[in-house]
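Visitor: with the sequence up front, the predicted model follows.
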Amino acid sequence: KQEVTQIPAALSVPEGENLVLNCSFTDSAIYNLQWFRQDPGKGLTSLLLIQSSQREQTSGRLNASLDKSSGRSTLYIAASQPGDSATYLCAGFWNDYKLSFGAGTTVTVRA
Amino acid sequence: GAGVSQSPRYKVAKRGQDVALRCDPISGHVSLFWYQQALGQGPEFLTYFQNEAQLDKSGLPSDRFFAERPEGSVSTLKIQRTQQEDSAVYLCASSFRSMNTEAFFGQGTRLTVV
């Protein structure tokens, strides 16, 4: 089973600060990596999908990088807002279809 | 539909009761997945369908868990003789193709067994 780790488990920042969320994995033979957002009591919202041939993806204030050799992905959120408060999960594909998830980082952006 | 739809959103079951959880995937999506999410944890894979075929059920915790997708669209996850350890959020996801493409998740069903 592929291990996916997200540290820290929780993070609190003041509004306007840039957020850096870390995801590490043990098996460098990853196909794709996907970042999700989960609000309390809600399902998962897909943020970014990075394919194995890519090193990063960008969407608005979000930028995610993938370094397969070091087993790391980083999600950057620029100029954080209170509405960015949520749990962020990373998940990887190591075969055709099964996602292996980290436990998530819960972010609080203080107004 | 516009997104993956799951029902019910919340279910409280007495221990020993059978439950059925429904998932309506995005129209045209070939792949459908069920995941189980315990409190404070990431989702764990349960089972995978490609159209109507259940290709992987390796994540189902016991033979009390059964999933089907008879017409390659709507799927049902059934749990027989529920136990307290079955309490979790059950998430359904779908994707357009079978090969590691972007997965879209529903809102989940929160099951509480009392």
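Guide: Structure received.
Visitor: distance of A:Ala64 from chain B?
Guide: 13 Å (C-beta to the nearest C-beta, to the nearest Å). Just so you know, the C-beta spots here come from the backbone N, C-alpha and C atoms, and that holds for glycine as well.
Visitor: where's that residue, which helix or strand?
Guide: strand A:62-67 (DSSP states H and E).
Visitor: any idea of the mean pLDDT in that strand?
Guide: Over the span of strand A:62-67, the pLDDT mean works out to 96.
Visitor: same question, stretch A:88-105
Guide: 90.
Visitor: likewise stretch B:58-65?
Guide: Stretch B:58-65 comes out at a mean pLDDT of 96.
Visitor: just stretch A:30-40 next, same as before
Guide: 93.
Visitor: contact partners of that stretch?
Guide: A:2, A:23, A:25, A:44-52, A:62, A:64, A:66, A:68, A:73, A:75, A:86-95, A:99, A:104, B:100, B:102-103, B:105 (C-beta atoms under 8 Å, 6 or more residues apart in numbering or on different chains).
Visitor: per-residue confidence for the nearest residue to A:Ile7 once chain neighbours are set aside?
Guide: Leaving aside its chain neighbours, A:Ile7 sits nearest to A:Asn22 (6.0 Å; criterion: C-beta to C-beta, 6 or more residues apart in numbering or on different chains). The model reports A:Asn22 with a pLDDT of 97.
Visitor: and whichever helix or strand comes after the strand holding A:Ala64 with strand A:62-67, angle?
Guide: The first helix or strand that comes after strand A:62-67 along the chain, using DSSP H and E, is strand A:72-77. Put simply, strand A:72-77 runs at 170 degrees to strand A:62-67, going by axes from the mean of the first three to the mean of the last three C-alpha atoms, to 10 degrees.
Visitor: contact partners for the residue of chain B found nearest chain A?
Guide: Shortest chain B-to-chain A distance, computed as C-beta to the nearest C-beta: residue-wise this is B:Gly42, at 3.1 Å. Each residue near B:Gly42 by C-beta under 8 Å, 6+ apart is listed here: A:4, A:89, A:91, A:101-104.
Visitor: likewise B:Asp24?
Guide: B:1, B:4-6, B:73-74.
Visitor: what do you get for B:Leu21?
Guide: Contacts of B:Leu21 (C-beta under 8 Å, 6+ apart): B:6-8, B:11, B:76-79, B:90, B:92, B:109, B:111.
Visitor: let me know the next secondary structure element after the helix or strand of chain B with the lowest mean pLDDT.
Guide: Within chain B, no helix or strand scores below strand B:104-105, which has a mean of 93 by mean pLDDT, DSSP states H and E. Counting by DSSP H and E, the element after strand B:104-105 in chain order, helix or strand, is strand B:109-113.
Visitor: got the buried residues for that next one?
Guide: B:109-111, B:113 (16 or more other C-beta atoms under 10 Å in any protein chain shown).
Visitor: tell me which element the residue nearest in space to the middle of chain B falls in.
Guide: Central residue of chain B (C-alpha atoms, centre = their mean): B:Trp34, 3.4 Å from the mean position. Element membership of B:Trp34 [criterion: DSSP H and E] is strand B:31-37.
Visitor: shouldn't B:Val4 be in contact with B:Ala93?
Guide: Yes. With contact defined as C-beta atoms under 8 Å, B:Val4 reaches B:Ala93; the gap is 6.5 Å.
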